[in-house]
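Enquirer: return atomic coordinates for the entry below.
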Amino acid sequence: MRRPLALLAVAVSTVLLGSAVPVAAAPDSDSRDTDAGRIAWTSCGDTTTPALQCAMLEVPVDYAHPDGRKIKLKLNRLPATAPKAKQQGPILLNPGGPGDSGLWMPAYITGQIPADVASTYDWIGFDPRGTNGSEPHVVCDAHYFDGERPDYQVGHGTEKAWLGKAATYAADCAADWSWILPHMTTVDSARDMDRIRGALGAKKINFYGGSWGTSLGSTYGQLFPSHVRRMVLDSIVGPTIAWYDHNILQDKEHERRFRAFAEWTAKADSVYHLGTDADAVIKKYYAMEDALRTAPVSAAPAPGKIGPAEFEDTFYGGGYNFLRWPRMATVLSGYLTRHDTRPLTTAYNRYAAPGADDGAFPNYNATQCTESAWPRDWEFWKKDQAKVNAVAPFYTYNNMWYNAACMFWPYQGGPGRLKITGKGLPPVLLFQATEDAATPYAGGVAMRKALPGSKLVVQNGGSFHEVLFHGNACLDDTFVDYLRDGTLPGGKGLIAKTCAPEADPAPTYVEPTPAAKASVATIPPTDPEAVHGRF
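Expert: Purely as a prediction, here's the structure:
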């Protein structure tokens, strides 16, 4: 049952905002290898990748009480096939989220790099605690994202509805999952990674992480530096910024990427007929959103209707992946110049329609709300976010309501995020695009400074969130060289290597998929238009 929470009952007058408080942690403080060899690998039954193996691994809920209650992590492995003398051990993989599944990554990444390098590693994917195939799979409200949702924009009479929705969600989570929610932080997931390492019988691991996975990897490196062999962090969360502040940076960067989309669309007026300057395109975007306020359209085959909130959710992913731009421009063009809603319903079902439950959202909240202090007073949020919205209206209120459960989260604040110093770590390879909206460029620079021995590769003018595996040889070859034999870029100073961006996509009117063939929220993470989590 849904458990209503009195609106703003937990709001306090003091705003808990600012830098995260460092956590003291002794490196390698709870390392152990007593689980070595106890993973029972069996075939995943994957006909596309028959060599893929699956397993479950038991870990403690609370590492302060390692012999207490246990949960299970879902793992998979693509074993090394090179001669044993050439094998380089396990490489753990995480795509971000927080909470996204990594089970797709072994088969995908090994298909993107030379076989002579891929064959030397055991590629390990896993579902973070409480998510996907791990046990339990935490669900707080399976219908939280069902449409039509209240309008995101403050001033349209939906504030009370969103506050109630967020408060009730936090209450539902706490009522059903109080025994695990306080133990779903990045530190907990990093300790899970070390249990995986121990169970694999490996003294050291390699790691690739993107987005929030960079926070996970750097946290693991801080806790267990002697257990790291090689580490790659792609599209980097700054090592110290509070999550509330990070969201504000996202809002401003998404505004810049939205304008870049509008400029690209304006140059293709002969294709989309939306105007020859960016301001005209942006004006038509908001005109379409306004029209959906009074006349939402069917979301079929997804349930419900597409109103302004669903419309915004269909578009914000363009800030993560500009390969979505032709489809986004087609949505506007189809609706505004052809009175055709099919491109919108196709794009919504492809990008934004809800899945069977709330997915990784419980883990997302439990990680961010618990490990960083958030403001607890709605009046503060309202005033502060209005200032941000004045300069970044495209994403601010969408992002605000997505994170609003942190206003009410019962385990909020904690001791803060772990302080990252890099002490004892081998050189870490860092990748960052200058135009990344989800993990802004400043985070990559801050991580480079926090890890003195690291090497930062910058894609100047690039905007992909997670820059590898898009066919950019400058970036991908640097990654492969490091995995092959530890070779790092030779450049000195803050930036060790600079790579050029990919070309803009060709402007094309993307004909809509017939509704009968459209699928609900099933865009695979390996699709060129996919995005991973919010971080």
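Enquirer: would you map the helices across the stretch 251-400 of the chain?
Expert: Assigned by DSSP state H, counting those that start in this stretch, the stretch 251-400 of the chain shows helices spanning 269-272, 278-294, 308-316, 325-338, 342-351, 361-371, 378-391, 396-402.
Enquirer: Serialize the ones you listed to a markdown table and add fields for mean pLDDT and distance to residue 205.
Expert: C-beta here means a position set from N, CA and C on the backbone, and glycine is covered the same way. Shown next, in a markdown table, are the helices of the stretch 251-400 of the chain (pLDDT from 0 to 100; distance: least, C-beta to C-beta, whole Å):
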| stretch | mean pLDDT | distance to residue 205 |
| --- | --- | --- |
| helix 269-272 | 98 | 48 |
| helix 278-294 | 98 | 45 |
| helix 308-316 | 98 | 34 |
| helix 325-338 | 98 | 37 |
| helix 342-351 | 95 | 34 |
| helix 361-371 | 95 | 21 |
| helix 378-391 | 98 | 39 |
| helix 396-402 | 98 | 32 |
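Enquirer: return the most buried member of those.
Expert: Highest mean neighbour count among the helices of the stretch 251-400 of the chain (mean count of other C-beta atoms under 10 Å): helix 361-371, with a mean of 27.
Enquirer: hang on, the earlier thing: so for residue 223, which of the helices of the stretch 251-400 of the chain sits nearest?
Expert: helix 361-371 (13.9 Å; C-beta to C-beta).
Enquirer: nearest to residue 82, out of the helices of the stretch 251-400 of the chain?
Expert: For the helices of the stretch 251-400 of the chain, proximity to residue 82 was assessed by C-beta to C-beta; helix 361-371 is nearest, at 34.5 Å.
Enquirer: name the helices or strands packed onto that closest one?
Expert: With contacts defined as 3 or more C-beta pairs under 8 Å, 6 or more residues apart in numbering; DSSP states H and E, the packing partners of helix 361-371 are helix 159-177, helix 186-200, helix 243-267.
Enquirer: give me the angle between that helix and helix 243-267.
Expert: 130 degrees (axes from the mean of the first three to the mean of the last three C-alpha atoms, to 10 degrees).
Enquirer: CA atoms only: put helix 361-371 into PDB for me.
Expert: Presented in PDB, the C-alpha positions along helix 361-371 are these (Å, rounded to 0.1, in the frame of the first residue of the first chain):
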ATOM      1  CA  PHE A 361      15.200   4.900  -8.900                       C
ATOM      2  CA  PRO A 362      15.300   3.600  -5.300                       C
ATOM      3  CA  ASN A 363      19.100   3.000  -5.600                       C
ATOM      4  CA  TYR A 364      19.500   6.500  -7.200                       C
ATOM      5  CA  ASN A 365      17.700   8.100  -4.200                       C
ATOM      6  CA  ALA A 366      19.300   5.900  -1.600                       C
ATOM      7  CA  THR A 367      22.800   6.700  -2.900                       C
ATOM      8  CA  GLN A 368      22.500  10.400  -3.400                       C
ATOM      9  CA  CYS A 369      20.000  11.400  -0.600                       C
ATOM     10  CA  THR A 370      21.900   9.400   2.000                       C
ATOM     11  CA  GLU A 371      25.500  10.300   1.300                       C
END
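Enquirer: how much distance is there from that helix to the middle of the chain?
Expert: Relative to the centre of its chain, helix 361-371 is centred 12 Å away, using C-alpha atoms, centre = their mean, to the nearest Å.
Enquirer: can you tell me what sits against it?
Expert: With contacts defined as C-beta atoms under 8 Å, 6 or more residues apart in numbering, helix 361-371 is touched by 20, 97-99, 128-131, 138-140, 144-145, 169-170, 173, 177, 180-182, 184-187, 189, 212, 243, 403, 405-406, 409, 411-414, 416-417, 533-534.
Enquirer: cutoff 6 Å now
Expert: 98-99, 130-131, 138, 140, 173, 181, 184-185, 243, 405-406, 409, 411-412, 414, 417 (C-beta atoms under 6 Å, 6 or more residues apart in numbering).
Enquirer: on that earlier part again, now render the helices and strands packed on helix 361-371 as JSON lines, adding mean neighbour count and mean pLDDT.
Expert: Formatted as JSON lines, the helices and strands packed on helix 361-371 follow (neighbours: other C-beta atoms under 10 Å; pLDDT from 0 to 100):
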{"stretch": "helix 159-177", "mean neighbour count": "20", "mean pLDDT": "97"}
{"stretch": "helix 186-200", "mean neighbour count": "23", "mean pLDDT": "98"}
{"stretch": "helix 243-267", "mean neighbour count": "21", "mean pLDDT": "97"}
